[in-house]
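Chemist: quick one: sequence and predicted model below, then my questions.
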Amino acid sequence: MKLMRSQFLLIPLFALQILTISSCSFFWKNVSNNSDVKTVKSNKENQLHLIFGGSINGETHPCGCRHFPLGGLSSLAGVLDKFKKDHGEFVYLDTGDMLFPSNNIPAGVKRSVSFMAQNVFRGMNLLGVNYMVLGDYDLSEGPEFINQLLENSPVQLLVANLSPTHPFKKVKPWTKIQSTKGTIYIIGVANPDVFPVENQHYFISVEEGFKKALKEIDRDGFEKDQADQRLILLSHSGMEFDQSFVKDHPEINWVVGGHSQSFTRLPFESGKTNLVQVLSKNHYLGHITFDFEKGASGDQYELLEIRQELEALLNPNPMISFLSEHKKQVSIIQAEEQAAMVNHDEDNHLPLATANSCLECHAPQYRFWEKTPHSLAYLTLKKAKEENNLTCVQCHSLGLNNPRGFNRVSDMVDLKNKKVREQYWRDIFKIGAVEGQSPKPIRERSGDSLAKTHREWDALDKKLGVAQNYANVQCLNCHNQPTDHPFTMGRTVVPATRKGEIKEHCLNCHTPDQSPEWYSKNKKGLPEGVNEAKFQEMYKKLSCPRHQS
């Protein structure tokens, strides 16, 4: 092998739009669906190309606050269009956990999260995914959700180890792909042990299901070690399980795996079997090239990095308008969900101190803060059209889901009159210049520009009598404060302890996913710990001046 670089009714939105964009010449059928034998035509007759990804977790586009955004359906569209021009048709596999971010979706956000799951599937469908295996997160809304998604889709579910009484309607244990010079067989398996207990009864053991499928492909003509044949295991089981499993099954040429997100820049080799996985959320795709003249030793593997600027490889890119409409609809649903939430009993809680309340005693620190991107962090979400996404809002505001703060975006600023609130945000977004043609990102603006915008925002708050404004990253996002501050006596905080507390707060939001540049990486390319030099650099850059008493 050579190396080279519960029952749920689907929301009936986007139907017309999908019909429109699916007619674009970009969207293709990578694999014929006319029979059980699928055909693929690569540009080179002796080759067949396989693309795979997994653990998308319902993400259609990267978070707008990432410094180096990876992933997103529009970027994926650009990469795949160029790939098809360079290599011809390909087989596209998903290794599971495409649809949802977790096993348990809170009831308060179920509509929006299910809508996002529905649209990430539609988007991946349009981008040409051919086969998927079940991941444990995929069953968050039950089998019927999966059945409805697959009902009118060319995507085929592959799981060989389902129980005889399973509820899935469109599923096969294996498939056969035929190219000009060779054949690959793909068997799908899902390890029952990675699923919640309530879903494990849908499966039998991987060993039992695999052996049955192997007998079937043997009868179909599969012969081990033939130069023009390969056996692929599409597995949602975790790398450790896969490594153990292939020891007893040397007939498997490649394991395209998922669940553990073991990022393989190079394949893990076990005997003659290669095991590969990629990172989540379409940040990377894996690409295997099968060479049917040289045999398995001539197969090649590489990673494809899905950078945001690669969406420009396809022009016009129909996924851009798809995502724009998706964001609008998600924002509407999120606002409706939040309107139905029960608000905190404000009478029983002293509100969190916002940055303005710190100004009287900490003016130098306040003036420093308002020159940082933190002081306008919420505006970043408007630019990314994520202003109602509570997952994002929690790191771009103060006090979300805190009894002393707020639990819905409509309460982030204490404007009870809806008409006044709507006009307020129109004015704020105008002040912040985050709408229109290519607004300059907040983090790229000068300190003086940030301060000017923040002061205009503050002036509007004073004009309207706003008492509590929890938007943006504020003093208490980083600092701990007793409720009776500044009257607390006798509390001495060791500087090292204070720094440790602030570091903990920083890393709650600056995670490996959102701020990968803050983390060191191991030999597999996975974050293994905070890069202390980078953290010290950012800590010094954003630390307020020392308090002068």
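Modeler: Noted; the coordinates are in hand.
Chemist: okay, and the beta partners of the closest residue to Tyr519 other than its chain neighbours?
Modeler: Of all residues not flanking Tyr519 in the chain, Pro527 sits nearest, at 3.9 Å (Cβ to Cβ, 6 or more residues apart in numbering). Any C-beta I mention is one placed from the backbone N, CA and C, and that applies to glycine too. When assigned by DSSP bridges, Pro527 has beta-bridge partners Lys521.
Chemist: contacts only, for Leu323.
Modeler: Thr60, His61, Gly72, Leu73, Ser74, Gly123 (Cβ atoms under 8 Å, 6 or more residues apart in numbering).
Chemist: the same query, at a cut-off of 10 Å, please.
Modeler: Neighbouring residues of Leu323 by Cβ atoms under 10 Å, 6 or more residues apart in numbering: Thr60, His61, Gly72, Leu73, Ser74, Ala77, Asn119, Gly123, Glu311, Asn317, Lys385.
Chemist: how many residues are close by the residue nearest to Tyr519?
Modeler: 17 (other Cβ atoms under 10 Å).
Chemist: surely it and Pro512 touch.
Modeler: Yes. Using Cβ atoms under 10 Å, Pro527 is in contact with Pro512, at 3.7 Å.
Chemist: still on that earlier bit, give me the buried subset of the contacts of Leu323.
Modeler: Buried subset of the contacts of Leu323 (neighbour count, 16 or more other Cβ atoms under 10 Å): Thr60, His61, Gly72, Leu73, Ser74, Ala77, Asn119, Gly123, Glu311, Asn317, Lys385.
Chemist: quick one: the fourth one and Glu59, what's the gap?
Modeler: Just to be clear, that refers to Leu73. 9 Å (Cβ to Cβ, to the nearest Å).
Chemist: kindly report the same for the third one.
Modeler: Taken as Cβ to Cβ, the spacing of Gly72 relative to Glu59 amounts to 8 Å.
Chemist: what sits in contact with each of these two?
Modeler: In contact with both Gly72 and Glu59: Lys281, Asn282, His283, using Cβ under 10 Å, 6+ apart.
Chemist: among those residues, which one has the most neighbours?
Modeler: Asn282 (29 neighbours).
Chemist: next one: phi and psi at the closest residue in space to that one that isn't next to it in sequence?
Modeler: Spatial nearest neighbour of Asn282, excluding adjacent residues (Cβ to Cβ, 6+ apart): Gly71 at 4.0 Å. Gly71 adopts backbone torsions of phi 90, psi -170, taken as degrees, to the nearest 10.
Chemist: gap between Gly71 and Gln308?
Modeler: Taking Cβ to Cβ, one finds Gly71 at 8 Å from Gln308.
Chemist: shared neighbours of these two, anything?
Modeler: In contact with both Gly71 and Gln308: His61, Pro62, using Cβ under 10 Å, 6+ apart.
Chemist: the two - which one has more neighbours?
Modeler: Gly71 (26 against 17).
Chemist: how near is the more buried one to Pro403?
Modeler: Where Pro403 is concerned, Gly71 sits at a distance of 35 Å (Cβ to Cβ).
Chemist: got it, and Leu460?
Modeler: 27 Å.
Chemist: re earlier: who's in contact with the residue nearest to Tyr519?
Modeler: Here Pro527 is in contact with Phe263, Thr511, Pro512, Asp513, Ser515, Pro516, Trp518, Tyr519, Ser520, Lys521 (Cβ under 10 Å, 6+ apart).
Chemist: and those residues as CSV, adding distance to Phe168?
Modeler: Output for these, formatted as CSV (distance: Cβ to Cβ, whole Å):
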residue, distance to Phe168
Phe263, 29
Thr511, 34
Pro512, 34
Asp513, 31
Ser515, 39
Pro516, 36
Trp518, 41
Tyr519, 38
Ser520, 42
Lys521, 38
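Chemist: from those, which would you call buried?
Modeler: For these, buried by 16+ other Cβ under 10 Å: Phe263, Pro512, Asp513, Ser515, Pro516, Trp518, Tyr519.
Chemist: so the fourth one touches Cys509, yeah?
Modeler: Yes. Using Cβ under 10 Å, Ser515 and Cys509 qualify as a contacting pair, with a distance of 8.1 Å.
Chemist: which is the next helix or strand following the lowest-mean-pLDDT helix or strand in the chain?
Modeler: Least confident helix or strand of the chain, by mean pLDDT, DSSP states H and E, is helix 15-21 with a mean of 40. Downstream of helix 15-21, the next assigned helix or strand under DSSP states H and E is strand 37-39.
Chemist: max pairwise distance over the buried ones among the contacts of Leu323: which two?
Modeler: Within these, Ala77 and Lys385 form the most distant pair, 18.4 Å apart (Cβ to Cβ).
Chemist: if we can go back for a sec, looking at pLDDT only, which of the contacts of Leu323 scores worst?
Modeler: Of all those, Lys385 carries the smallest pLDDT score, 86.
Chemist: so what's that one up against?
Modeler: Lys385 neighbours (Cβ under 10 Å, 6+ apart): His61, Gly64, Leu323, Ser324, His326, Lys327, Lys328, Val330, Ser331, Glu435.
Chemist: of the residues you listed, which belong to helices?
Modeler: Using DSSP state H, the members of those that fall in helices are Leu323, Ser324, His326, Lys327, Lys328, Val330, Ser331.
Chemist: could you dump those residues into JSON lines and include pLDDT?
Modeler: Below are these laid out as JSON lines (pLDDT from 0 to 100):
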{"residue": "Leu323", "pLDDT": "95"}
{"residue": "Ser324", "pLDDT": "93"}
{"residue": "His326", "pLDDT": "95"}
{"residue": "Lys327", "pLDDT": "94"}
{"residue": "Lys328", "pLDDT": "93"}
{"residue": "Val330", "pLDDT": "95"}
{"residue": "Ser331", "pLDDT": "93"}
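Chemist: buried ones only from the residues you listed, please, as a ChimeraX command.
Modeler: Provided next is the ChimeraX selection string for whichever of the ones in helices among the contacts of Lys385 are buried by 16+ other Cβ under 10 Å:
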select :323,326,327,330,331
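Chemist: distance to His49 added to the ones in helices among the contacts of Lys385, as CSV?
Modeler: Formatted as CSV, the ones in helices among the contacts of Lys385 follow (distance: Cβ to Cβ, whole Å):
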residue, distance to His49
Leu323, 26
Ser324, 31
His326, 29
Lys327, 32
Lys328, 36
Val330, 33
Ser331, 38
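Chemist: just the closest of the ones in helices among the contacts of Lys385 to Lys85, please.
Modeler: Looking across the ones in helices among the contacts of Lys385 and measuring by Cβ to Cβ, the closest to Lys85 is Leu323, at 22.6 Å.
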